[in-house]
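>>> Can you look at this prediction? I've put the sequence above it.
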Amino acid sequence: MLSIAKLQCQRQLHHFNYSLEVNPGEVVALLGASGSGKSTLLELIAGFIPASAGDLNWQGESLLALPIAQRPVTSLFQQHNLFHHLSLQQNIALGLSKKLKLNAKQQKQMMQIAEQLGIASILNKRPDQVSGGQQQRAALARCLVQNRPILLLDEPFSALDPMLRLECLELVKQLAEQYQLAVLMVTHQWQDALRVAQRVAFVEQGQTQQFASVEQLQQAPANPHIAHYLACS
């Protein structure tokens, strides 16, 4: 389990404080308005910014002292960060080897994941030769081949059309269950949370205002701001 207890930081004169948890195989949605602090939490977990207080544990072991490269975390952002001069296969292989030299086991693993994500037939193409949805699937494949148990998603599908976004969200839910990933997903869309998340952390002004199941949040929002947000989204 990924356990976050009173995890705090200071950033640009703002104070952030988070408490929630994510189980293996579970998708937890981070919901809230723009600028509320959702992405800051992902950066804390990944190690991009330091925590000033609190606990961040994976399976009972603290992650706070670990450098970025040693944390059991992969991240996927709205900007997928694929290299456009490389093929999709090479971009995915970067998750396993910076020199793009894979052994037979790694090659097999990469192909299995590519087939599962529906991009095996286009691995020889460059990112600018495929659709936005296929690009995001390749970026997701690069996360999966790293075989790390925590997956952080910062609105990676928000630029896709509604049907493609829905397909990718369903895929994330399926992958979380299959690989027993602890997935924390930033979204502005309540409907996205309803689609894939088991629980939701509502973030407002850098604080976790409510952490509850999707049903509990819908039926008993903790304050009028949350109720208004859900009604308008």
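Sure thing, it's come through.
>>> For N17, give me its contacts.
Residues in contact with N17, defined by Cβ atoms under 8 Å, 6 or more residues apart in numbering, are 6-8, 54, 206-208. C-betas here are computed from N, CA, C, even on glycine.
>>> Show me which residues of the longest helix seen in the chain are buried.
When secondary structure is assigned using DSSP state H, the longest helix within the chain turns out to be helix 162-179. Neighbour-count burial for helix 162-179, counted by 16 or more other Cβ atoms under 10 Å, picks out 164-166, 168-169, 171-173, 175-176, 179.
>>> Alpha carbons only: can I get whichever helix or strand comes after that helix in CSV?
Sequence order places strand 182-187 as the next helix or strand after helix 162-179, per DSSP states H and E. Only the C-alpha atoms of strand 182-187 are listed here, as CSV (Å, rounded to 0.1, in the frame of the first residue of the first chain):
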residue,chain,number,x,y,z
ALA,A,182,-1.2,1.5,-7.2
VAL,A,183,-2.4,4.3,-9.5
LEU,A,184,-2.9,7.9,-8.5
MET,A,185,-4.6,9.9,-11.3
VAL,A,186,-5.0,13.6,-11.5
THR,A,187,-8.2,14.8,-13.3
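>>> quick one, phi/psi of the closest residue in space to I68 that isn't next to it in sequence?
Leaving aside its sequence neighbours, I68 sits nearest to G47 (Cβ to Cβ, 6 or more residues apart in numbering; 4.1 Å). Phi and psi for G47, reported as degrees, to the nearest 10, are phi 100, psi 10.
>>> Distance check, G47 against L7.
Between G47 and L7 the distance is 12 Å, computed by Cβ to Cβ, to the nearest Å.
>>> The two - which one has more neighbours?
Higher neighbour count among G47 and L7: L7, with 23 against 19, using other Cβ atoms under 10 Å.
>>> ok, back up a step: so which of the buried residues of helix 162-179 would you say is closest to Q216?
Nearest to Q216 among the buried residues of helix 162-179: K173, at 19.2 Å, using Cβ to Cβ.
>>> How far does stretch 70-89 sit from its chain's centre?
In terms of Cα atoms, centre = their mean, to the nearest Å, the centre of stretch 70-89 is set 12 Å apart from its chain centre.
>>> Thanks a lot, catch you later.
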